[in-house]
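In: Provide a 3D model corresponding to the input given below.
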Amino acid sequence: QVQLVESGGGLVQAGGSLRLSCAASGRTFITYSMGWFRQAPGKEREFVAAISPSGGRAYYADSVKVRFTISRDNAKNMVYLQMNSLKAEDTADYYCAADATGAVVTFHPKYWGQGTQVTVSS
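Out: Residues are numbered from 1 along each chain as shown. A predicted model of the protein is given here:
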């Protein structure tokens, strides 16, 4: 079992930056690939980024490629999402997720966090 707690959301102006953090519990953290999803008001939840258990591979949605960077610190059981050049359309609730299979491109969440809200003002 993995428990996930996100933090770092807030209000930021368009063009600004924000870093989201996800704290994970459990000794099996290093065996999970980790990812971020987001859900905007009235829209379905969508994939944002995923990272392999070792941190050596990452995969991004086209809409955030180049602007967002996912990383992890296995010593601290932490996952991060650095978001730069934010746009109004990035406004959403952001969710941390864990995939027990270790997949990146075919990331399929088994565990979810509660989410953190990001609002980008234009």
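In: surely V5 meets N77?
Out: No. V5 is beyond contact range of N77, at 10.5 Å (criterion: Cβ atoms under 8 Å). C-betas here are computed from N, CA, C, even on glycine.
In: residues shared between the contacts of the two?
Out: A23 (Cβ atoms under 8 Å, 6 or more residues apart in numbering).
In: For these two, indicate the residue with more neighbours.
Out: Ranked by neighbour count (other Cβ atoms under 10 Å), V5 and N77 place N77 first, with 17 against 13.
In: now the more buried one: how far from Q3?
Out: 10 Å (Cβ to Cβ, to the nearest Å).
In: Could you name every residue contacting both of those two?
Out: With Cβ under 8 Å, 6+ apart as the test, N77 and Q3 both reach A24, S25, G26.
In: which residues touch the helix or strand where V79 lies?
Out: Using DSSP states H and E, the element containing V79 is strand 78-83. The contact list for strand 78-83, computed with Cβ under 8 Å, 6+ apart, reads 17-24, 34, 36, 48-49, 51, 64, 67-73, 90, 94, 96, 118.
In: out of those, which are buried?
Out: 18, 20-24, 34, 36, 48-49, 51, 64, 68-70, 72, 90, 94, 96, 118 (16 or more other Cβ atoms under 10 Å).
In: which SS class is V12?
Out: strand (DSSP: H, G, I helix; E, B strand; the rest coil).
In: quick one: contacts for it?
Out: Here V12 is in contact with L18, L86, V118, T119, V120, S121 (Cβ under 8 Å, 6+ apart).
In: How are the strands of this protein distributed by residue range?
Out: Assigned by DSSP state E, the chain shows strands spanning 4-7, 10-13, 18-24, 33-39, 46-51, 58-60, 68-73, 78-83, 92-99, 111-112, 116-121.
In: between those strands, which one is nearest to V105?
Out: strand 58-60 (5.2 Å; Cβ to Cβ).
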